[in-house]
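Undergrad: My questions are about this predicted structure, shown below with the sequence.
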Number of protein chains: 4
Amino acid sequence: SSGRPADSSLERAMDELLLRAVPAAPPYELREKTPAPAEGQCADFVSFYGGLAAAAERAELLGRLARGFGVDHGLVAEQSAGVLQLREQPREAAVLLQAEDRLRYALVPRYRGLFHHISKLDGGVRFLVQLRADLLEAQALKLVEGPHVREMNGVLKGMLSEWFSSGFLNLERVTWHSPCEVLQKISESEAVHPVKNWMDMKRRVGPYRRCFFFSHCSTPEEPLIVLHVALTSDISNNIQAIVKDCPPSDTEEKNKIATAIFYSISLTQPGLQGVELGGFLIKRVVKELQREFPHLGAFSSLSPIPGFTKWLLGLLSSQAKEHGRNELLTDSECKEISELTGGPALETLKGLLSSNDWAKSEKLSRALQAPLMRLCAWYLYGEKHRGYALNPVANFHLQNGAVMWRINWMADASFKGITSSCSLMVNYRYFLEETAANSTSYLSSKNIKASEQVLSLVAQFQKQSKL
Amino acid sequence: SSGRPADSSLERAMDELLLRAVPAAPPYELREKTPAPAEGQCADFVSFYGGLAAAAERAELLGRLARGFGVDHGLVAEQSAGVLQLREQPREAAVLLQAEDRLRYALVPRYRGLFHHISKLDGGVRFLVQLRADLLEAQALKLVEGPHVREMNGVLKGMLSEWFSSGFLNLERVTWHSPCEVLQKISESEAVHPVKNWMDMKRRVGPYRRCFFFSHCSTPEEPLIVLHVALTSDISNNIQAIVKDCPPSDTEEKNKIATAIFYSISLTQPGLQGVELGGFLIKRVVKELQREFPHLGAFSSLSPIPGFTKWLLGLLSSQAKEHGRNELLTDSECKEISELTGGPALETLKGLLSSNDWAKSEKLSRALQAPLMRLCAWYLYGEKHRGYALNPVANFHLQNGAVMWRINWMADASFKGITSSCSLMVNYRYFLEETAANSTSYLSSKNIKASEQVLSLVAQFQKQSKL
Amino acid sequence: SSGRPADSSLERAMDELLLRAVPAAPPYELREKTPAPAEGQCADFVSFYGGLAAAAERAELLGRLARGFGVDHGLVAEQSAGVLQLREQPREAAVLLQAEDRLRYALVPRYRGLFHHISKLDGGVRFLVQLRADLLEAQALKLVEGPHVREMNGVLKGMLSEWFSSGFLNLERVTWHSPCEVLQKISESEAVHPVKNWMDMKRRVGPYRRCFFFSHCSTPEEPLIVLHVALTSDISNNIQAIVKDCPPSDTEEKNKIATAIFYSISLTQPGLQGVELGGFLIKRVVKELQREFPHLGAFSSLSPIPGFTKWLLGLLSSQAKEHGRNELLTDSECKEISELTGGPALETLKGLLSSNDWAKSEKLSRALQAPLMRLCAWYLYGEKHRGYALNPVANFHLQNGAVMWRINWMADASFKGITSSCSLMVNYRYFLEETAANSTSYLSSKNIKASEQVLSLVAQFQKQSKL
Amino acid sequence: SSGRPADSSLERAMDELLLRAVPAAPPYELREKTPAPAEGQCADFVSFYGGLAAAAERAELLGRLARGFGVDHGLVAEQSAGVLQLREQPREAAVLLQAEDRLRYALVPRYRGLFHHISKLDGGVRFLVQLRADLLEAQALKLVEGPHVREMNGVLKGMLSEWFSSGFLNLERVTWHSPCEVLQKISESEAVHPVKNWMDMKRRVGPYRRCFFFSHCSTPEEPLIVLHVALTSDISNNIQAIVKDCPPSDTEEKNKIATAIFYSISLTQPGLQGVELGGFLIKRVVKELQREFPHLGAFSSLSPIPGFTKWLLGLLSSQAKEHGRNELLTDSECKEISELTGGPALETLKGLLSSNDWAKSEKLSRALQAPLMRLCAWYLYGEKHRGYALNPVANFHLQNGAVMWRINWMADASFKGITSSCSLMVNYRYFLEETAANSTSYLSSKNIKASEQVLSLVAQFQKQSKL
């Protein structure tokens, strides 16, 4: 919103649009007697917004909407005073309840009316999902900021949460008989282990695999969130066996299937971030799988550890600044690395991690396995954000009640896997009888339930680092 | 809730249930970090409620829920004070916005959480629709009363309005190829012109007829509200031609179709009363019909006038008390009635209307046509409730923007038609270009748009009654 | 085909139509190079035929088609001579095979070409099914006769058998969610135990019941043949429990289901008579039921015995003529009947059976049970047509390999049941392991496999009647 | 069928199988009273055949079936004699008709019973389609020969023609919403213009394109024959614009669509060769397109000319042998080619056509255009097989009643296009009013209807070659 002429004319157009398009809030008494705004009024907003090509322009419009069409603070204060007065001079319940209802009504931001009416247009809900995606991106890119925008984001999220409530979600299974449209969308949205080509995709919906998604009941065949499952004999300790190797046979033999591995979960609609979908999807898929395979013994994820390498490099940098300090490697580890590389361990390690070269050397790999496993265990288990696990994937599965079960070496040997998490992946295991209790315990007391393997690695780290 | 032992043990069970089933409201800070209550917790409420056979028992439970698990008034007052203080000692926007958000959060009644979680259960939304139907019935029967219950009803209605928003409704057409299940439901819910048997139903979904309903996208084939349409050459002035006579031919000839008559609209889910469905349905059906018949010239209802006879009998009674007063009939009308029946006009008329006998006599029918038409025009146009039309059907179509177009004599010659509205029916006509303006004008200024026929009948009434 | 003017002009129109519509048979050499006749050519026949309102007129047209457009006997004789000559003066195989193929081609009646091309029109196969129904009815009513018509019927049946081959039939299950159209058709075609109203129909597709039909894959939802099944604990010995009584519960309890009773099978398309559908349908339904209820223990029909009363009355008449002869009743039976009715036993019995009155008297019922059961056993087991069971229902189930298992007293106490078969019904039981062998044995050696009950009743009859 | 031991044991197994699996033909009298063979009997054949890995083994089995289980020639001769005798000593019609029917029955080869029963198995028809594909391939490869095999092929083709009659075919449209399975099959079966990848495929089912196929009603979503259509403004004169270029816009503008170009038709089931499918498909698609675009002005193919280059090379070779003879090029053409290449024209041309190099030189291209167009016109119009067009694609469209409309230079500039037909393609245009007449004229009189362009090119050729 600089002062350039072109901009200011756009800004004027924005203000005019908003004045025209955002419905006025009717007085409390008439709130149920007010006709819906003309269809064109809200459609105007949709087409104006759609015509804004630049992210910055859309952000500007959203900012103006948030700041200019929120709550009438004077009215809120007035109604608050009314409520307070009734507190001091009590009257019959009906009077208090109505005063509170007026206050509640006053607290509804005006832009909520706009969103509400847009939601009734054809494709309106889809538009709002996209609008929120833009808003989140604009916030991330700092194109727009401030408490009003945060409030509007919260309001939108609340509305989307109502609409995308689990009662309105349909579980759909993807097979090679699904429409190409669907498979293309799923293929493109697969962020965890990218799909190379269509035969790769065919493999992921073929024998010993399941692919499910949630769609909203009003838009069938539109994936909102996708879960890929592998049906295996044991809990997988690497992703290669799942996405690269061929299935044991072309038709499934039920007796070879003892375990369900959730190896990828992707939200295809960024505008639904924060709307609870993933946990529900896993629960529903578990039920679906149990119906098909009543004797399925184990459920577990095989999850990436995004951010581990980056965290570790940061740690190496900060320790490098404090010369001589080394809480990350044991002496013998340092020695071995130095011998293998001919340089000082920490610096060398930093270089190695940045270049991925270590993975090509068997010796280096062997030397690094123990320290990296230990460090990773700490990263997952010990690093926190507001008391919860820092790693978002860990946080997701722990919220769902899973156990941090096994850290796996050379579990993702792809370039991406080595770059982002030093080849490590982790299984979060779902013990169905305990997930509810684990979830409550994690959310309320921030306790992380972990296996002996993980706890022992954490203990080794703590011993070494004296943390 | 008398003091009988059996009751008090049931009441204790109710209180225990509610304490167990209604989720606690987490503190504002943890509102997004609180795990969903265990499935069983809410399912408990559902099954307990389902086990209550008597309407009075269900009403009792709902009353306890409304009174005991609403808003924490103390907290609301506290937060209101916080907002007021910021008004007096302004600080940065973020602080005010957060204070308002805390207040907003405090204003959410605790039972909303229960409803929210029930909505996520399988069949949960359907349960809540039924629960609200029970609540409305209990209020009508005075089984439960008071502001808390009214507030809970409002909260439920708000939630249902979000879920049954037009974006999530599917328009389905009923034909003889639709499932028997659907036709049976529609047949049973047809309140306006009852369906006699299955061939009667087949007729109503056959040639020159259309039958549409809205279903929620999560429950296809479950009618929420049903609209019956007849495709005719002219605007029908009686219902017999629609529900009794045979169609002009077995296959529709498009050139015989110039008019769409909405001859019945029925809400099949009483729990959705007040959720805006009927107006939307008519709009959608108009669009659908225009797609099929681009040259359709006129859209009109052929509507019953429930309550007219009852209103008229009341009027006759009150005038009868004031001896000698007669503002309802002209002198010549009085004379003619007296001559035909041999008794005093007003008393005789009262008896005739109560007995339906007048309709069997051609002479009496002819004598009564003019006064009844005039009185009916006044009933529809002049009688008000809070400024809006007293007659609910009139109010519905006027809200939608229709014009009160023509009152029709002998339009429903069935027993029911003569009993409830002296054989009269009325066309509310939809001039598509004007409905939006009409609707706004009616809702905001309470203006009723009526045709010359209606206005002239009203004028005749006014002249006679000196009102 | 009298000589009246109107008729003769119709006959002329028929001849002209046939000359125009029946495609000429191309010479053998060009048989694959001949273009299909113009669509209009065959459609002409279809519309002309459709315009003939009277059965006699349609029969006349079919007779003319059969007689005038069959095989060219001269050509057949010529080609036969060619084949015979090669028999006498052998040449290489190719020459003989081609001669035979020419002969085969010459033996194809010309009207087959008409039917073939009609089959390719929209709705053409349906038309031919109806045409054959007309043909069969016309033959039954003697509206048309002779070997040419019988041949044409055989050719049509052969074509329909190819088209309605089991590979092209879909098994569809009827439920209350099926289209009304389907349920109405099934209801109307139920010949065995007529459907009274729609709730009666709902019952027959509800819990503890199954209703299946075959449709052709090109016309889904059009029942060709329908099978009704009751799921019971024991093999039912009366129809009242199935079509009148309420089910044990509203939801099926699998452990109460041990037996499948086929209580009605109806061909809905008379034009498909003789096309093997019923046996296939029973086989497919058995498989379907086994899939749903793997532990189903017994499969049996509960079948009517059409013609039994009529047969018995005939027998009584013929014995009455030979005064004094009585091979049907034992002396004590005669005495008891005489005592109860006060008249001579045989004459009385004849009167009783004609009037249905006996069933209202408990004593008479008891007295008649033994002789009627015995006579019925003989009727079913001993009366033959060309060596196979005379009773068509018996013949049908025996061909399928069922066992004549139990004759049941008071099994159909309806007016129709008492009138047509003295209240008796019979179970044909399907022992799945043995049906193939039983079927072969019956069809090749005409052996009827029956249970001890039936055989013992037959023996009693034989002893009495000295047959 | 050499004499090696291994083979002879396989041959013995084959003979045993056939004796076991091929049902005996019942006597004429019992033909309708014979039970179907046990399911296992025919299934045996299916699984034995399926187990034969080598094409030669399958061919051997089919040969034995054809030779050993055909018609009983003795019986045919006997029945022929019976028919002949009746010709000489006439009796009533019924006797003759029955004698003919017996003869007809005797002429049915025994293996027809096997095929008939296989067709009733699950997947049986599909098996027979595959079996015929094998048979055709075996005949083409001379793995099996002789009149018995040809006869069996004819019998199978006749049965398949009955089953795949147009009344049982469903037209399905392919879009990007169709199952991947379907798109993969269509992509793989596209023989005319191979599909490169999935985006290529998406293009061919996207805007301004249509893709239709016939499936049998018993196996929906299984393409039997596929037709690709481009919707264009003019009759396309090259394939590049259709399969490579981007569409004019992403959404179709109806006013830009004046022409439908059939640019590829592929039979996906070789076993259905000779069963009339292609002509029907084009007719159905024309109707479908007319329904969608009532004002579509022109229908035309854009067809390849397989075999042209090969034919031309053969001609050049044979003329080269007759030294000095040259009826293919004019003197000036010879001179120009010699000048451009520095060698003798005919020899040089032969080399050029074999190498595709000429297309890379603009000058050579220009020099060759006129002679190649002329020669191609003759190839299509003048070269015959049994009086019909030698080129199979030409023969197909001419049979359907199309006109040989335009030969297009550089119409397929792909390697394949230049190699097989010197870059030429041809439009066969469908003038809907005339196709029926054209088809009859071509089939009965072998007249080829061609445009002036084609006829003028043919005249040039004839003038030059003095043919």
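TA: Received the coordinates, thanks.
Undergrad: Near chain D, which residues of chain A? Just list them.
TA: Chain A has residues A:176-181, A:183-184, A:198, A:202, A:221 near chain D, with proximity defined as CB under 8 Å from any CB of the partner chain. For glycine as for every other residue, the C-beta is placed from the backbone atoms N, C-alpha and C.
Undergrad: quick one: least confident of those?
TA: The pLDDT minimum for the residues of chain A next to chain D sits at residue A:198, where the score is 78.
Undergrad: returning to what we had before: could the residues of chain A next to chain D be laid out in JSON lines, adding neighbour count and distance to residue D:116?
TA: Output for these, formatted as JSON lines (neighbours: other CB atoms under 10 Å in any protein chain shown; distance: CB to CB, whole Å):
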{"residue": "A:176", "neighbour count": "16", "distance to residue D:116": "34"}
{"residue": "A:177", "neighbour count": "14", "distance to residue D:116": "32"}
{"residue": "A:178", "neighbour count": "21", "distance to residue D:116": "37"}
{"residue": "A:179", "neighbour count": "18", "distance to residue D:116": "38"}
{"residue": "A:180", "neighbour count": "24", "distance to residue D:116": "39"}
{"residue": "A:181", "neighbour count": "16", "distance to residue D:116": "42"}
{"residue": "A:183", "neighbour count": "26", "distance to residue D:116": "40"}
{"residue": "A:184", "neighbour count": "18", "distance to residue D:116": "44"}
{"residue": "A:198", "neighbour count": "20", "distance to residue D:116": "41"}
{"residue": "A:202", "neighbour count": "16", "distance to residue D:116": "37"}
{"residue": "A:221", "neighbour count": "15", "distance to residue D:116": "42"}
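Undergrad: Secondary structure and distance to chain C added to those, as CSV?
TA: As requested, the residues of chain A next to chain D are exported to CSV (DSSP: H, G, I helix; E, B strand; the rest coil; distance: CB to the nearest CB, whole Å):
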residue, secondary structure, distance to chain C
A:176, coil, 23
A:177, coil, 19
A:178, coil, 23
A:179, strand, 22
A:180, helix, 26
A:181, helix, 26
A:183, helix, 28
A:184, helix, 31
A:198, helix, 31
A:202, helix, 28
A:221, coil, 23
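Undergrad: Pick out whichever of the residues you listed sits closest to residue D:346.
TA: Nearest to residue D:346, judged by CB to CB, of the residues of chain A next to chain D is residue A:198 at 48.3 Å.
Undergrad: coming back round to it: how about JSON lines for the residues of chain A next to chain D, with distance to residue C:452 added?
TA: Formatted as JSON lines, these follow (distance: CB to CB, whole Å):
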{"residue": "A:176", "distance to residue C:452": "56"}
{"residue": "A:177", "distance to residue C:452": "53"}
{"residue": "A:178", "distance to residue C:452": "58"}
{"residue": "A:179", "distance to residue C:452": "61"}
{"residue": "A:180", "distance to residue C:452": "64"}
{"residue": "A:181", "distance to residue C:452": "65"}
{"residue": "A:183", "distance to residue C:452": "63"}
{"residue": "A:184", "distance to residue C:452": "68"}
{"residue": "A:198", "distance to residue C:452": "66"}
{"residue": "A:202", "distance to residue C:452": "60"}
{"residue": "A:221", "distance to residue C:452": "61"}
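Undergrad: Near chain B, list only the ones from these.
TA: Within the residues of chain A next to chain D, nothing lies near chain B by CB under 8 Å from any CB.
Undergrad: What degree of burial does residue A:146 show, as a neighbour count?
TA: Number of residues near residue A:146 (other CB atoms under 10 Å in any protein chain shown) recorded here: 16.
Undergrad: Wait, it touches residue A:70, no?
TA: No: using CB atoms under 8 Å, residue A:146 is not in contact with residue A:70, being 11.1 Å away.
Undergrad: Which part of chain A gets nearest to chain C, residue-wise?
TA: residue A:294 (14.8 Å; CB to the nearest CB).
Undergrad: tell me the contacts of residue A:173?
TA: A:210-212, A:288 (CB atoms under 8 Å, 6 or more residues apart in numbering or on different chains).
Undergrad: nope, residue A:361 is what I was after
TA: Applying CB under 8 Å, 6+ apart, the residues near residue A:361 are residue A:340.
Undergrad: How much space separates it from chain B?
TA: Distance of residue A:361 to chain B, given as CB to the nearest CB, to the nearest Å: 44 Å.
Undergrad: Likewise for residue A:395?
TA: Separation of residue A:395 from chain B (CB to the nearest CB): 11 Å.
Undergrad: For the spatially closest residue to that residue that is not a sequence neighbour, list each beta-bridge partner.
TA: Of all residues not flanking residue A:395 in the chain, residue A:389 sits nearest, at 4.4 Å (CB to CB, 6 or more residues apart in numbering or on different chains). For residue A:389, the beta-bridge partners under DSSP bridges are residue A:384.
Undergrad: Need the residue closest to the centroid of chain A.
TA: residue A:273 (5.8 Å; CA atoms, centre = their mean).
Undergrad: Please report phi then psi for that residue.
TA: phi -50, psi 130 (degrees, to the nearest 10).
Undergrad: need the contact list for it.
TA: For residue A:273, the contacting residues are A:132, A:136, A:267, by CB under 8 Å, 6+ apart.
Undergrad: what separates it from residue B:442, distance-wise?
TA: Taking CB to CB, to the nearest Å as the measure, residue A:273 falls 43 Å from residue B:442.
Undergrad: and residue A:170, what pLDDT?
TA: pLDDT for residue A:170: 95.
Undergrad: Residue A:1 too?
TA: On the pLDDT scale, residue A:1 gets 41.
Undergrad: same deal with residue A:249?
TA: On the pLDDT scale, residue A:249 gets 72.
Undergrad: so it touches residue A:206, yeah?
TA: No: counting by CB under 8 Å, residue A:249 does not reach residue A:206; the two are 11.1 Å apart.
Undergrad: between those two, which one's more packed in?
TA: residue A:206 (17 against 10).
Undergrad: So which residues of the stretch 351-467 of chain A form strands?
TA: A:384-385, A:388-389, A:403-408, A:425-430 (DSSP state E, counting those that start in this stretch).
Undergrad: correction: chain A
TA: For chain A, the strands defined by DSSP state E cover A:169-173, A:209-216, A:225-232, A:259-267, A:298-301, A:384-385, A:388-389, A:403-408, A:425-430.
Undergrad: okay if I get those as a markdown table plus distance to residue D:15?
TA: As requested, the strands of chain A are exported to a markdown table (distance: least, CB to CB, whole Å):
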| stretch | distance to residue D:15 |
| --- | --- |
| strand A:169-173 | 48 |
| strand A:209-216 | 46 |
| strand A:225-232 | 46 |
| strand A:259-267 | 51 |
| strand A:298-301 | 54 |
| strand A:384-385 | 79 |
| strand A:388-389 | 73 |
| strand A:403-408 | 60 |
| strand A:425-430 | 59 |
